[in-house]
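# Just need the structure, nothing else, for what follows:
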Amino acid sequence: MKREEWKKLREMLPLIKAEIIRNILESEGIPVMFKSAAFPFTDTVYFGMGGMVDVLVPEKLFKQAESILSTFQGGGEDGSQENTTS
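Numbering: from 1, shown residues only. Below you'll find the model as predicted:
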């Protein structure tokens, strides 16, 4: 059986933001996995639930996940809102 490849969708996000992304994507049927982005001795054991994580999705669903997030978040490639006011 072939192992599924995962691709990094976002990196170094606070856990709370990563959870929001997970909820959005999982509601669309896209599985999400977190990978700790913490340096040694800076994980949640020492600093609580504010740790930084990378958000990964299956490689075959990466483009779909990007599309969902860009639609939901205003189109910024890095997940940020674009300024549309003039």
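# From Ile16, how far off is Glu59?
Computed as Cβ to Cβ, to the nearest Å, the Glu59 to Ile16 distance reads 26 Å. All C-beta atoms are positioned from the backbone trio N, CA, C, and that covers glycine.
# the more surrounded of these two?
Glu59 (12 against 9; other Cβ atoms under 10 Å).
# and that one, what is it in contact with?
Glu59 sits next to Glu4, Glu5, Trp6, Lys7 when contact means Cβ atoms under 8 Å, 6 or more residues apart in numbering.
# if we go to 6 Å?
Glu5, Lys7 (Cβ atoms under 6 Å, 6 or more residues apart in numbering).
# Check what pLDDT it gets.
pLDDT, Glu59: 97.
# how near is it to Ile20?
Separation of Glu59 from Ile20 (Cβ to Cβ): 22 Å.
# got it, and Gln64?
Gln64 sits at a distance of 18 Å from Ile20 (criterion: Cβ to Cβ).
# Quick check: which ranges of the chain have low pLDDT?
Flagging of the chain using pLDDT under 70 yields the residue ranges 1, 38-50, 73-86.
# where do the strands sit along it?
Listed in chain order, the strands of the chain (DSSP state E) span 6-14, 33-36, 52-58.
# Tell me the buried residues in the shortest one?
By that I understand strand 33-36. Within strand 33-36, the residues scored as buried using 16 or more other Cβ atoms under 10 Å are Phe34.
# who's in contact with that strand?
Defining contact as Cβ under 6 Å, 6+ apart, one finds that strand 33-36 is touched by Ala18, Val53, Asp54, Leu56.
# what about 8 Å?
If you take Cβ under 8 Å, 6+ apart as the criterion, strand 33-36 is touched by 6, 8, 15, 18, 22, 43, 51-57.
# from those residues, which is closest to Ile30?
Ile30 lies nearest to Val57 out of the contacts of strand 33-36, by Cβ to Cβ, at 5.7 Å.
# Count the residues that sit near the closest one.
25.
# Tell me which two of the contacts of strand 33-36 sit farthest apart.
Spanning the widest gap among the contacts of strand 33-36 are Asp43 and Val57, at 22.5 Å by Cβ to Cβ.
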